[in-house]
Structure formats: structure tokens, C-alpha cells
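Novice: got a sequence here, can you build the structure:
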Amino acid sequence: MKIKEAADKLKISARAIRFYEEKGLISPSKRDNTYRDFSEKEIWRLQTIISLREAGMPVEDIRKALLEMEGQDHEELQYYLELQRSVLFGKWVELKHVIDTTDYMIDMVKKQKALPIDDIYALAESSRRLREHRSSWQDKWNFDMRAGIHDEYVSKETSEYKDYEAALGLTVQWLAPISGEKGLDIGTGTGNLAGRLMALGAAMAGVDQSKEMLKQCRLKFPALETKLGNFLALPYMDGRFDFAVSTFAFHHLSENQKMLAIEEMRRVLKPHGRICITDLMLADEEAAAVYANGAGTDEQYGSLTGLLTLFENMGYITKHQRINELLHIVYAVPIR
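Specialist: Predicted coordinates for the structure are as follows:
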């Protein structure tokens, strides 16, 4: 099949096909060193490239994905596709915020017959800050490297994982899922909490930013749905879950990112969906400030009172319990 025939069949331009050839994504044979001849395999590759480009995947990632397809490394291929899905969801969350802001401005014009310049500036600043907070999160802890020894490490219950088993047990007890309820475990790691909730009949999904953690998770719990993602752009559509939970992960966020994370949890929850956070935090803002000044650590231990206030301002009632000097559990249910 010649290049024009291939272009007509795939409904793309011959120029696009030449571009993919220049990038090394396809290698059609050439007759007389001039005419390109496209085999069925090259047509399949072009169809795959076009589909991945339509999904927004960069050329370099497409190159890697094609190599994994041909090498039959389905796990790595799944990672590249999930990574692309995670990126797209991040963009979707940003776009959704822009749409919500625009709707708010339209509503203001309808009601006030005007849109004051100060309000426009405030909305623009708010959007800019949210975008910066979402884009500034980084994995400083290299969880991919820790995945293989994670379960052994937490079983020792030292340092940040003190009272780990008791904390997971109390979290399950407070959530008390009804069989068939859909739950989301954010920062699921190797799935230890999600596995316990599944044993009670909950239909669980786990989200984590570490592909190696998710790999371990799938080995342990094949029935658990897992997706690559993070607190600030949960890879699910609105109103999907009955509850959201996170253990030993929330403190990796800054204070502003924690607010965004709760908003994201609320977005993917059903109208009366509940939230449970079991994590390391200080008793109040003063203790958190003292700890931050003298700890010499990258950890973002916020305050219990700050989190409770945040939930209250967002229309939740809460209950909480201290497990040890740093570890607390907070359970929140919306009242509006």
C-alpha cells in the first residue's frame, strides 16, 4: 500500500505519516529507494499512533508504548497508558475549575448586571494559585524504590508507621462499609487497608502515584481496581464513591494542597459520601509550627484543629481520636 492509499484509509495527511516516519515510529519499506510500501503491520502501527495522539500522548511516550507492545511487556504498556490517563485527568480537573469559574461569573452578571474588576482579579488569582498548588506536588520520598520492602517496613511499626495495625483496624471499624458500597483508597500503597475493606464486602478502588506500589498491590489483591493518580487530580468522574479514605499519606501534602485534596474527594463522592483520614498530625497550629521549625524534615505535619476547621467550613461534621502522639483519625460526614 502506497502512502496516499494509507493516508486515505486512515483519514490523515501524507505529511503526518512522513512526520511519524521521521520520528522513527514507523519504518515502511521502500521500492526502488523511492516509493514507500505500507504493510498491514505498518497500518496497524499508524492506527495505534493516531489513537494515542488523539488521547494526547507525547511522541516520545508513544515510542516507548510501541516498544512495550511489540515486546509483550503488558505491565509497562499499562503503566504508560495509565500515566497518560492520569495526565489527562489533571488537565480535566483544571478545565473543570475554569468552567466552574466561568459559570460563577455568568451568574454574577445575571444577578448584578455587572462584573466588578476586583472580582475578576480575585477569580483569576484564585485560579492561578490552584494551578500552582496542583503542579507543585513532588514525590520526594521515592516510593517506587520502597515498594518491594514496604510491607516489611510497616510491619516493624517504627518511626512514621507506629501503631500501623491498630490504625488500620480503627479506620475499618469507623468506616464500617456495607457490602456493595464503593470505596476509594487514596495513597493505597500495597493495598493493605483496601484489602481489609474488600474482605467486608466493599467494592474498592485504589489510587497511588507510584507504579511499583500499584504493582505490589495488584499481586496481593487482583480484584482491587487500581489507577495511577494522586490526591490533587483523582482519576475518576464525579459522584462515583460512597466513601473515600487515606492512611499515612495525607501529610505529604502542603496545607493548601490538603484543601484541594478534600475538594477532590468531595467531587468523586456521592452526595452523602463520607471521608476518613488516618494520618500523622499535631494537636493544633502552634504545635505544628513548633514541630516544623525544629524537625528538620520535609514532612508536612499539619494540625488536627486545622483539619477539623477545614472540614467544618466545607459543611462536614466530624469525630476524631488520637492514636498516639502524632497519629490521629478523623471521620467526616457532610451535613450540607
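Novice: Thr171: neighbouring residues, count only.
Specialist: 22 (other CB atoms under 10 Å). For every residue, glycine as well, the C-beta is placed using N, CA and C.
Novice: how much space between Leu197 and Arg322?
Specialist: 23 Å (CB to CB, to the nearest Å).
Novice: repeat for Asp8
Specialist: Distance from Asp8 to Arg322, by CB to CB: 69 Å.
Novice: cool, and Lys211?
Specialist: Taken as CB to CB, the span from Lys211 to Arg322 is 34 Å.
Novice: which residues of the stretch 1-150 of the chain fall in strands?
Specialist: 29-31, 35-37 (DSSP state E, counting those that start in this stretch).
Novice: of the ones you listed, flag the one that's most buried.
Specialist: Highest mean neighbour count of the strands of the stretch 1-150 of the chain: strand 35-37, a mean of 15 (counted as mean count of other CB atoms under 10 Å).
Novice: what strands flank that one, and is each parallel or antiparallel?
Specialist: Its sheet considered, strand 35-37 pairs with strand 29-31 (antiparallel) by DSSP bridges.
Novice: could you give the mean pLDDT of the partner strand?
Specialist: For strand 29-31, the mean per-residue pLDDT is 77.
Novice: low-confidence regions, the stretch 51-200 of the chain specifically.
Specialist: 55, 68-74, 76-77, 80, 83, 119-141 (pLDDT under 70).
Novice: recalculate using a threshold of 50.
Specialist: Counting by pLDDT under 50, the stretch 51-200 of the chain contains no low-confidence segment.
Novice: so which residues of it form helices?
Specialist: Applying DSSP state H, counting those that start in this stretch to the stretch 51-200 of the chain gives helices spanning 59-71, 74-112, 117-135, 143-146, 150-155, 164-175, 192-199.
Novice: would you turn those into JSON lines with distance to Tyr316?
Specialist: Written out in JSON lines, the entries for the helices of the stretch 51-200 of the chain read as follows (distance: least, CB to CB, whole Å):
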{"stretch": "helix 59-71", "distance to Tyr316": "39"}
{"stretch": "helix 74-112", "distance to Tyr316": "20"}
{"stretch": "helix 117-135", "distance to Tyr316": "21"}
{"stretch": "helix 143-146", "distance to Tyr316": "29"}
{"stretch": "helix 150-155", "distance to Tyr316": "29"}
{"stretch": "helix 164-175", "distance to Tyr316": "14"}
{"stretch": "helix 192-199", "distance to Tyr316": "21"}
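Novice: hey, which of those helices is tucked in deepest?
Specialist: By mean count of other CB under 10 Å, the helices of the stretch 51-200 of the chain have helix 192-199 as the most buried, with a mean of 21.
Novice: elements contacting that one?
Specialist: helix 164-175, strand 182-186, strand 203-208, strand 241-247 (3 or more CB pairs under 8 Å, 6 or more residues apart in numbering; DSSP states H and E).
Novice: what angle do it and strand 182-186 make?
Specialist: 170 degrees (axes from the mean of the first three to the mean of the last three CA atoms, to 10 degrees).
Novice: distance between whichever strand in the chain runs longest and the chain's centre?
Specialist: Ranked by residue count under DSSP state E, the longest strand found in the chain is strand 269-280. Distance of strand 269-280 from its chain centroid, counting by CA atoms, centre = their mean, to the nearest Å, is 16 Å.
Novice: so between Lys211 and Arg322, which is more surrounded?
Specialist: Lys211 (19 against 12).
Novice: what score does the more buried one have for pLDDT?
Specialist: 87.
Novice: re earlier: each with direction, which strands does the longest strand of the chain pair with?
Specialist: Strand pairing for strand 269-280, using DSSP bridges, gives strand 241-247 (parallel), strand 327-334 (antiparallel).
Novice: so for Ile277, which of the helices and strands packed on helix 192-199 sits nearest?
Specialist: strand 241-247 (5.4 Å; CB to CB).
Novice: quick one: average pLDDT of the closest one?
Specialist: 98.
Novice: got the angle for that strand vs helix 164-175?
Specialist: Going by the same axes, to 10 degrees, strand 241-247 makes 160 degrees with helix 164-175.
Novice: what does strand 241-247 rub up against?
Specialist: For strand 241-247, contacts defined as CB atoms under 8 Å, 6 or more residues apart in numbering pick out 167-168, 171, 175, 177, 181-187, 193, 197, 205, 231, 265, 268-270, 273-279.
Novice: mind doing that once more with 7 Å?
Specialist: Residues outside strand 241-247 that contact it (CB atoms under 7 Å, 6 or more residues apart in numbering): 167-168, 171, 175, 177, 181-187, 193, 265, 268-270, 273-279.
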